[in-house]
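Colleague: no sequence on this one, just coordinates:
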């Protein structure tokens, strides 16, 4: 009997916890008026240090929030093994879309050994699209057979540096930092260690004009990026806004992305760098980026042809090749310059994204779960339905409740029933129960469940 009651309490507790999670995920974090950038709600606050000896440790698989001022050089720390490729990424988020930025503004992320030698680094720069928007970069520690460079297990420094011109706005930028470790291979040395020298670089044939164009609203950050499967997708982007999307790309597959701005009859003024199109890989490393000029007429821009996802891509010097080093969610961001508002109004301009993924998926090279470095059937379902990560988590929680056959009302009734049963058992053990339900002892688990 005791074991049955224990199972009932655990079932009720799990159901209540699941329902609370659903209600929490349905709250203000997903209000109709989103924040300019959707930071991961589970990100831990961390402060970068000027001295590396004081640096805080970043745990693998975790997300952190920090900030950086112009010209600052801030240290963090990671503990690496001697077998896995490791990644530390940073998304730099200007706090104002109207802030002044210049061509060379941005951040550099580097991983450094105990002698301050760089094991790998990456830049995220504003570039020719000179308007404030989220930009991302990562640093990589690659394990390679026969190399003695940054291969040892132990503590490594993470250095994030911000570059800023004197004419740029002096405000702090927020940082969203991730540390990820790639799974080990099924067999050590089973993958090539030489970068590919060529790949099919021709653009794919356009989609048929009869193909339906569905609407998908982009997210406001990596965390709530909207899932896309191959096709043409309609959206709109306002001046000063950046929209985020994600596409599952498996091993051996090749991704093509085109962004098209619709016409706007308010003006014909030429704006040289009105729109930015950028691609980041599953570890949030920058892969490729393009800019688009605009003069009120329909205009489009495509990412340069990218190689199929492959292990050996990581040994290439070009970021457009080395970034396509593993399977997973690839993130597309589209930003529209605030300057567009001065000539074409502050309202949104219609946007069409064309996404094509070529080739059949190949087997994963990893031993065990690939984590973020793979594509699952659930990922494909999310792309098909247009879900972002929070929506997928909410759906999973609802399925948990549904599988148990427990609705919100049933959970409350079950919880009250369990509490009453426990109270009666305590009564049988000598705890007097009054007519109003009170006892001479504390109520089990703090009393009956309260109504939500």
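Modeller: Alright, I've got the coordinates. Because the structure is predicted, anything quoted here is derived from the model rather than measured.
Colleague: which residues does the nearest residue to residue 142 once chain neighbours are set aside contact?
Modeller: The spatially closest residue to residue 142, leaving aside those adjacent along the chain, is residue 85, at 5.3 Å (CB to CB, 6 or more residues apart in numbering). Bear in mind the C-beta positions are built from the backbone N, C-alpha and C, glycine included. Neighbouring residues of residue 85 by CB atoms under 8 Å, 6 or more residues apart in numbering: 140, 141, 142, 143, 181, 182, 314.
Colleague: Look at residue 61 and say how many residues are nearby.
Modeller: Around residue 61 there are 11 other residues, counting by other CB atoms under 10 Å.
Colleague: Torsion angles phi and psi at it?
Modeller: The phi/psi pair for residue 61 (degrees, to the nearest 10) reads phi 80, psi 10.
Colleague: ok now do it, which residues does it touch?
Modeller: 179, 180, 181, 371.
Colleague: Filter the contacts of residue 85 down to the ones in helices?
Modeller: The helices, defined by DSSP state H, take in nothing from the contacts of residue 85.
Colleague: out of these, which one sits closest to residue 167?
Modeller: residue 140 (32.3 Å; CB to CB).
Colleague: how many neighbours does the closest one have?
Modeller: Residue 140 has 24 neighbours, counted by other CB under 10 Å.
Colleague: Excluding sequence neighbours, find me the nearest residue to it.
Modeller: Residue 140's closest residue in space is residue 120 (CB to CB, 6+ apart), at 4.2 Å.
Colleague: does the one you found belong to a helix or a strand, and which?
Modeller: Secondary structure from DSSP states H and E places residue 120 in strand 118-125.
Colleague: any idea of the mean pLDDT in that strand?
Modeller: If you average the pLDDT over strand 118-125, you get 96.
Colleague: Flag every buried residue along that strand.
Modeller: Applying a neighbour-count criterion of 16 or more other CB atoms under 10 Å, the buried positions in strand 118-125 are 119, 120, 121, 122, 123, 124, 125.
Colleague: Leaving out chain neighbours, which residue sits closest to residue 51?
Modeller: Spatially, and ignoring its direct neighbours in sequence, residue 51 is nearest to residue 75 (7.0 Å; CB to CB, 6+ apart).
Colleague: on that earlier part again, give me the residues contacting the strand holding residue 120.
Modeller: For strand 118-125, the surrounding residues in contact (CB under 8 Å, 6+ apart) are 90-92, 103-113, 135-142, 149-150, 156, 163, 285-286, 319.
Colleague: do the same with stretch 193-202
Modeller: The contact list for stretch 193-202, computed with CB under 8 Å, 6+ apart, reads 144-145, 254, 305, 307-308, 310, 312-317, 321-322.
Colleague: and the gap between the residue nearest to residue 140 and residue 88?
Modeller: Distance of residue 120 to residue 88, computed by CB to CB, to the nearest Å: 9 Å.
Colleague: same check, this time on residue 157
Modeller: Computed as CB to CB, the residue 157 to residue 88 distance reads 10 Å.
Colleague: Repeat that for residue 323.
Modeller: Relative to residue 88, residue 323 is positioned 15 Å away (CB to CB).
Colleague: and those two? which has more neighbours close in?
Modeller: When neighbours are counted by other CB under 10 Å, residue 323 and residue 88 differ, and residue 88 comes out ahead with 30 against 27.
Colleague: element containing the more buried one, please.
Modeller: strand 86-94.
Colleague: sorry, back to before: the helix or strand where the residue nearest to residue 51 lies versus strand 118-125: what angle between them?
Modeller: Under the criterion of DSSP H and E, residue 75 resides in strand 73-80. Angle of strand 73-80 versus strand 118-125, following axes from the mean of the first three to the mean of the last three CA atoms, to 10 degrees, is 130 degrees.
Colleague: Which strands or helices does strand 73-80 pack on?
Modeller: Here strand 73-80 touches strand 62-68, strand 86-94, strand 154-163, strand 173-181, going by 3 or more CB pairs under 8 Å, 6 or more residues apart in numbering; DSSP states H and E.
Colleague: ok, back up a step: list just the nearest of the contacts of residue 85 to residue 230.
Modeller: Closest approach to residue 230 among the contacts of residue 85 (CB to CB): residue 314, at 25.2 Å.
Colleague: number of nearby residues for the residue nearest to the closest one when sequence neighbours are not counted?
Modeller: Distances taken as CB to CB, 6+ apart place residue 325 nearest to residue 314, at 4.0 Å, with adjacent residues excluded. Number of residues near residue 325 (other CB under 10 Å) recorded here: 25.
Colleague: what's the answer for residue 137, then?
Modeller: The number of residues packed near residue 137 is 25, by other CB under 10 Å.
Colleague: Does it touch residue 286 like I think?
Modeller: Yes. Between residue 137 and residue 286 a contact is recorded at 5.6 Å, counting by CB atoms under 8 Å.
Colleague: what residues are up against residue 128?
Modeller: So residue 128 contacts 103, 272, 273, 291 (CB under 8 Å, 6+ apart).
Colleague: Now name the helix or strand holding the second one.
Modeller: Under the criterion of DSSP H and E, residue 272 resides in strand 271-280.
Colleague: And for the first one?
Modeller: Of the helices and strands defined by DSSP H and E, none includes residue 103.
Colleague: How many neighbouring residues does it have?
Modeller: Neighbours of residue 103 (other CB under 10 Å): 12.
Colleague: The closest residue to it other than its chain neighbours: neighbouring residues, count only.
Modeller: In this structure, residue 103 finds its nearest non-sequential neighbour in residue 130, 6.0 Å apart by CB to CB, 6+ apart. Counted with other CB under 10 Å, the neighbours of residue 130 add up to 19.
Colleague: Please apply the same query to residue 300.
Modeller: Neighbours around residue 300, by other CB under 10 Å: 13.
Colleague: How much space separates residue 193 from residue 260?
Modeller: On the measure of CB to CB, residue 193 and residue 260 end up 39 Å apart.
Colleague: Please name the strands paired to the strand holding residue 272 in the sheet, noting orientation.
Modeller: strand 286-294 (antiparallel), strand 328-336 (antiparallel) (DSSP bridges).
Colleague: if you average pLDDT over the last one, what comes out?
Modeller: The average pLDDT for strand 328-336 rounds to 98.
Colleague: Off-centre distance for that strand?
Modeller: How far strand 328-336 lies from its chain's middle: 10 Å, per CA atoms, centre = their mean, to the nearest Å.
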